[in-house]
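Engineer: what's the 3D shape of this:
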Amino acid sequence: MSEETAELERRLRAVKAKRGYLLPHHGLMALTAPDLLAGYDAAYTQVALADRVLSHHDREFVWMAVLAATDEALATHHIAKLRAAGGTDDTIEAAFAAGAWAIGGAAHDFAVRDWARQVAPWDPRAAYLRGLRRLAPLRLVHLAASAVQVCRARWRLLGWQLEAAYEDAVPEDEIAEALSIAMFPGSVPHFVEACGVWQRMIAEGRLPASARFQAWARLTGQGGFDEASGLT
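Structural biologist: Below is the predicted model:
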């Protein structure tokens, strides 16, 4: 075995030891871009493995809904992780119910976007949230549904979710962690846009944010290159 091959196998063993599994992109990055693999692994570790504010059980509840929303069939290890954290069949059912309701919210979004006058005075937003609040456990339903809206790029629905989560006293740091879970399966650009939605809602006074989150919302220059270069 060549020294290069031995080093490649060493990198892959290290990744497998941390996660318990390997996927094809790990091998390709180890072979062609080891520094990228190291950066990717560090980011993934913080999103999926490191302890922040959510318990392992609650984090995996959100993962269940996110993976259902993104058709991410390869990530079966999250089922085992949920069960290892105390999850049951009822937990899985609740996570899928939250994900299904959030995905189905596209119908309510359509009603607002295209049929608002025709269906009035029926309120699609109120109807969506009534249905959501029939699900349990409500705090986890809010977190899972918010992450699903990021994956699906349904920004109006994310706004509804954020307003309702604040109304129901879901902690901001838990919302932040849930949204970050959408980053890998749902795409980094969607996560970026979701953060912008949240930040603008706070800046516009639509959310009763804490002082910490208000400071984030007030910070100027968060609109990307166009804003920084004066093109907006």
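Engineer: Contact partners for Ala98?
Structural biologist: Contacts for Ala98 (CB atoms under 8 Å, 6 or more residues apart in numbering) come out as Ala65, Leu135, Leu140, Val141, Ala144, Ala145, Val148. C-beta: built from backbone N, CA, C; applies to glycine.
Engineer: Please repeat the previous calculation with a cut-off of 10 Å.
Structural biologist: 61-62, 64-65, 68, 132, 135-138, 140-148 (CB atoms under 10 Å, 6 or more residues apart in numbering).
Engineer: Report the secondary structure element holding it.
Structural biologist: Per DSSP states H and E, Ala98 falls inside helix 89-104.
Engineer: Sort out which residues of that helix are buried, please.
Structural biologist: Thr91, Ile92, Ala94, Ala95, Ala97, Ala98, Gly99, Ala100, Trp101, Ala102, Ile103 (16 or more other CB atoms under 10 Å).
Engineer: now swap in stretch 144-161 and tell me
Structural biologist: Buried, per 16+ other CB under 10 Å, within stretch 144-161: 144-152, 154-161.
Engineer: could you give the mean pLDDT of that stretch?
Structural biologist: The average pLDDT within stretch 144-161 is 98.
Engineer: about what we covered before: just the buried ones from the contacts of Ala98?
Structural biologist: Buried subset of the contacts of Ala98 (neighbour count, 16+ other CB under 10 Å): 61-62, 64-65, 68, 132, 135, 138, 140-148.
Engineer: Got the domain ranges for the chain?
Structural biologist: The chain breaks down into these domains under automatic domain parsing: 1-50, 55-228.
Engineer: Worst mean pLDDT among those?
Structural biologist: Averaged per stretch, pLDDT over the domains of the chain is lowest on domain 1-50, reaching a mean of 86.
Engineer: Excluding residues flanking it in the chain, which one is nearest the residue nearest the centre of the chain?
Structural biologist: Closest residue to the average C-alpha location of the chain: Ala182 at 2.7 Å, with CA atoms, centre = their mean. Spatial nearest neighbour of Ala182, chain neighbours left out: Val150 (3.9 Å); criterion: CB to CB, 6 or more residues apart in numbering.
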